[in-house]
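1. The sequence and its predicted three-dimensional model are supplied below.
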Amino acid sequence: MKVHVNRIYADASGETHLADDEMALTAGDFAPPADPVLLSAWVAASRYALVAFPQGWLGEWHPAPARQVHFFLTGEGMVEVSDGGQRPYRAGDVWLVEDVAGRGHRTTAYIDSLSVVVRLDA
């Protein structure tokens with residue numbers, strides 16, 4: 001099984017782009033002696049936070065403060081990158097945000113949104 005991941009990244013010139021990535025899930029022991037589950041590879045992370053974006057919130061152009069993953073629990077909005085690409089976010093979406101340099105991206109919350117943000121190591 002594979003899980004869809006929306007990715008924001010910056011190229012060498014600082015231009016930001018959107019990409020479609022996937023994380024593979026394979027059978028593995030997560031909590032023995034419980035039965036195996038489908039599990040992705042482990043990724044080193046340093047901390048997490050819950051982030052609420054109120055309806056109408058606009059995060060003007062900004063780079064990501066660190067490599068991070070957003071797991072949207074609720075809400076809906078739009079993300080725009082500097083190459084002109086736009087993509088909606090919705091509850092259930094996973095976003096890998098890596099544009100830590102350059103112009104960054106702009107985010108608009110159409111309705112109240114809540115995400116879990118996990119800061120990745122390096």
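-> Thanks, I have the structure now.

2. Okay, now the unreliable bits of the chain?
-> When residues are selected by pLDDT under 70, none of them lie in the chain.

3. what are the ranges of the strands in it?
-> Across the chain, reading from the start of the chain, the strands by DSSP state E fall at 2-10, 16-24, 26-28, 37-39, 45-53, 58-62, 68-81, 86-90, 94-97, 105-120.

4. which one of these is the most hemmed in?
-> Among the strands of the chain, judged by mean count of other Cβ atoms under 10 Å, the one packed with the most neighbours on average is strand 94-97 (a mean of 20). C-beta: built from backbone N, CA, C; applies to glycine.

5. For it, name the packing helices and strands.
-> If you count contacts as 3 or more Cβ pairs under 8 Å, 6 or more residues apart in numbering; DSSP states H and E, strand 94-97 packs onto strand 2-10, strand 68-81.

6. Turn those strands into CSV, including distance to residue 34.
-> Converted to CSV, these look like this (distance: least, Cβ to Cβ, whole Å):
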stretch, distance to residue 34
strand 2-10, 21
strand 68-81, 22
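
7. can you tell which of these is closest to residue 50?
-> For the helices and strands packed on strand 94-97, the distance to residue 50 is smallest for strand 68-81, at 8.4 Å, taking Cβ to Cβ.

8. Would you quantify the distance from the residue most central in space within the chain to residue 63?
-> In the chain, the centroid-proximal residue (Cα atoms, centre = their mean) is residue 95; its distance is 2.0 Å. Counting by Cβ to Cβ, to the nearest Å, the gap between residue 95 and residue 63 amounts to 15 Å.
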